[in-house]
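S.K.: Build me a model:
(2 chains)
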Amino acid sequence: MTDYDVIVVGAGPSGSISAKTCAEKGLSVLLIEKRQEIGVPVRCAEGVSKKGLERFVKPDEKWIASEIERAEIISPSSHRVVLSAEKAGNEVGYVLERKVFDRYLAMLASRAGSNVLTKTSAVYIKRENGIVRVGIRSMGEEEELTAKIVIGADGVESRVAKWVGIDTTLKLNEIESCVQYLMTNIDFDPSTTYFWIGKKYAPGGYIWLFPKGKDSANVGIGVMPALAERDAKWYLDRFLKENFPEGEIVEVVVGGVPVKGAIDTAVSDNVMLVGDAARHTDPITGGGIVNGMIAGYLAGLTAYEAVESGDFSERFLRRYDERWKAEFGESLVRNKKLQEKMLKLEDSVLDRLIESVKGIPIEEMSVKRLAYEIFKKHPRLFWDLREFII
Amino acid sequence: MKRLAVNRYKCGYCGACVAVCKFDANELIETYLEIYEDRCTLCMACVKTCPMNALEVVE
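M.R.: Reported below is the predicted structural model:
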């Protein structure tokens, strides 16, 4: 007998959905969160696709800050193109209030039967005789618990991955270094998300503005350390000075977003990784909430089957790898390749591209139409990007 | 002796530096970044990654 069937390390969306899924299947689950408050500090721009979110939870105004209808892309020389949400890719739709959302998901996990502990870190993992010994430090008190399976949902800085020898270390072209301010006293349309692209703004990344209601917005930046000459904050501050000089900062958010593409495996004996810990974020958008929740659900399902079969080996758990790869593995690989291509485009090319589609009415704008315009005006570029747009 | 230092007034405890460390030379304990100097090789990966410019090599 073990203390728990499953211990989930980390109570972000991936961890909470993992715990919820396991508990709903009748497993005994402990969900631990190292922070004293679930959802705080936020490390996210909070954008999520409606469809992706609604697959797991019913939208609730308590944690939806804004509903987004369109995305505006701004080129280095300020050419603008507007895309409607469903055509702009899947990271527009809702802007969440993660502080409330994360707690809501943890509550769902708890309601399904999971135990939840905050201010509680995992401090080691030892695997012996087919089970796991997990050292936890809960409000300063150390204790050892046993479990059949550990789900590592411990974020970009995952310790669980390191302890069990899954190498997820990010190279300097596999991470976006991000800073975001929640700003007020700035002008924006509350149902539009804005993206500033090009080296001029953010080497290897982009600048975003995501509305949170009418009066404030997340304005943030991601830069790739391999390409940036200064820190992310420096680039963001420079942008704000030029573009929103009157803006006031009411919150600072800092984060590292994996843009690695798909890792080979997110499992080891007794252990599965989900979400940022498994580098499940999209390399183009940096969005990770939906993939994380999908991974959490699949890891929960796999944990249930493993407990049913009494087999917690890496070999058995590989079916979790197969499942997340079937859901979004290919898109991670493809978007990493596309990101690499896009990073090679000079700012002048981005300008011409955006300029060439400027006059097209929003309802006619789609990826296909974009491709057509690129083909017409930039045949060589089209050839280079063909595998992504045909 | 050169060593890596964290400016705690700048650090946003985001963990990006932990994600890029090949040498397991740092750890984010809640909101406290721990640096293990014996394992740090001063490879500069974390210094380049820090969004807040909170890490630096000092004498």
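S.K.: gap between the two ends of stretch A:39-55?
M.R.: Using Cα to Cα, to the nearest Å, one end of stretch A:39-55 lies 21 Å from the other.
S.K.: near chain B at all, that stretch?
M.R.: Yes: under the criterion of Cβ under 8 Å from any Cβ of the partner chain, stretch A:39-55 makes contact with chain B via A:41, A:43. C-beta: built from backbone N, CA, C; applies to glycine.
S.K.: Need the mean per-residue confidence for that stretch.
M.R.: For stretch A:39-55, the mean pLDDT works out to 91.
S.K.: B:C17: which element?
M.R.: B:C17 is located in helix B:16-19, with elements delineated by DSSP states H and E.
S.K.: Point out where the chain drops to low pLDDT.
M.R.: All of this refers to chain A. Chain A contains residues with pLDDT under 70 at A:85-92, A:361-368, A:370, A:387-390.
S.K.: Walk me through the domains of it.
M.R.: With domains defined by automatic domain parsing, chain A comprises A:4-44+A:99-168+A:263-332, A:66-92+A:172-258, A:342-389.
S.K.: Now the terminal residues of the second one, how far apart.
M.R.: Distance across domain A:66-92+A:172-258, first residue to last, is 25 Å (Cα to Cα).
S.K.: and it, does that touch chain B?
M.R.: Yes: Domain A:66-92+A:172-258 lies within reach of chain B by Cβ under 8 Å from any Cβ, at A:172, A:175, A:177-179, A:225, A:228, A:230-234, A:252-256, A:258.
S.K.: Strands - which of these land there?
M.R.: A:175, A:177-179, A:252-256, A:258 (DSSP state E).
S.K.: Give the pairing partners of the worst-scoring helix or strand of chain B on mean pLDDT; include direction for each.
M.R.: None of the helices or strands of chain B scores lower by mean pLDDT, DSSP states H and E than strand B:26-29, at a mean of 92. The strands that strand B:26-29 pairs with in its sheet are strand B:32-35 (antiparallel) (by DSSP bridges).
S.K.: for the strand it pairs with, which positions count as buried?
M.R.: Residues of strand B:32-35 classed as buried by neighbour count (16 or more other Cβ atoms under 10 Å in any protein chain shown): B:33, B:35.
S.K.: what sits up against that strand?
M.R.: The contact list for strand B:32-35 (Cβ atoms under 8 Å, 6 or more residues apart in numbering or on different chains) reads B:4-6, B:8, B:11, B:13, B:17, B:25-28.
S.K.: Buried ones among those residues?
M.R.: By 16+ other Cβ under 10 Å, these give B:4, B:6, B:11, B:13, B:17, B:25-28 as buried.
S.K.: Return the closest of these with respect to A:R133.
M.R.: Closest to A:R133 out of the buried ones among the contacts of strand B:32-35 is B:E27 (19.6 Å), distances taken as Cβ to Cβ.
S.K.: Touching, the closest one and A:R159? I think so.
M.R.: Yes: with contact defined as Cβ atoms under 8 Å, B:E27 reaches A:R159; the gap is 7.0 Å.
S.K.: Contacts only, for residue 18.
M.R.: No chain specified, so I'll use chain A. Going by Cβ under 8 Å, 6+ apart, A:S18 touches A:6, A:8, A:151, A:153, A:274, A:296-297, A:299-300, A:303.
S.K.: not what I meant, chain B
M.R.: Counting by Cβ under 8 Å, 6+ apart, B:V18 touches A:156-157, B:26-28, B:46.
S.K.: now do B:C43
M.R.: B:22-23.
S.K.: for the one 10 residues further on, same thing?
M.R.: By Cβ under 8 Å, 6+ apart, the residues touching B:N53 are A:230-231, A:233-234, B:10.
S.K.: Same check on A:K200?
M.R.: Counting by Cβ under 8 Å, 6+ apart, A:K200 touches A:76, A:347.
S.K.: do you know how far it is from A:S75?
M.R.: 9 Å (Cβ to Cβ, to the nearest Å).
S.K.: Could you pull out the residues contacting both of those two?
M.R.: Residues within reach of A:K200 and of A:S75 at once, by Cβ under 8 Å, 6+ apart, are A:D347.
S.K.: Could I have the buried ones of the ones in strands among the residues of domain A:66-92+A:172-258 next to chain B as PyMOL selection syntax?
M.R.: To isolate the buried members of these in PyMOL, using 16+ other Cβ under 10 Å:
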select buried, chain A and resi 175+177+178+179+253+254+255+256+258
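S.K.: Of all pairs in the ones in strands among the residues of domain A:66-92+A:172-258 next to chain B, which one is the farthest apart?
M.R.: Across these, the longest distance by Cβ to Cβ is 21.1 Å; it joins A:V252 and A:P258.
S.K.: Can you list the residue ranges for strands in chain B?
M.R.: With DSSP E applied, chain B shows strands at B:3-6, B:26-29, B:32-35, B:55-58, listed in chain order.
S.K.: comparing these, which gets the lowest mean pLDDT score?
M.R.: Note on those: lowest mean pLDDT is at strand B:26-29, with a mean of 92.
S.K.: For it, list the C-alpha coordinates in CSV.
M.R.: What follows is strand B:26-29, C-alpha atoms only, in CSV (Å, rounded to 0.1, in the frame of the first residue of the first chain):
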residue,chain,number,x,y,z
ASN,B,26,20.3,26.7,-9.3
GLU,B,27,16.9,26.1,-7.9
LEU,B,28,13.8,28.2,-7.4
ILE,B,29,12.5,27.5,-3.9
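S.K.: Which residues does it contact?
M.R.: Residues outside strand B:26-29 that contact it (Cβ under 8 Å, 6+ apart): A:34, A:121, A:157, A:159, B:13, B:15, B:17-18, B:33-36, B:40, B:46.
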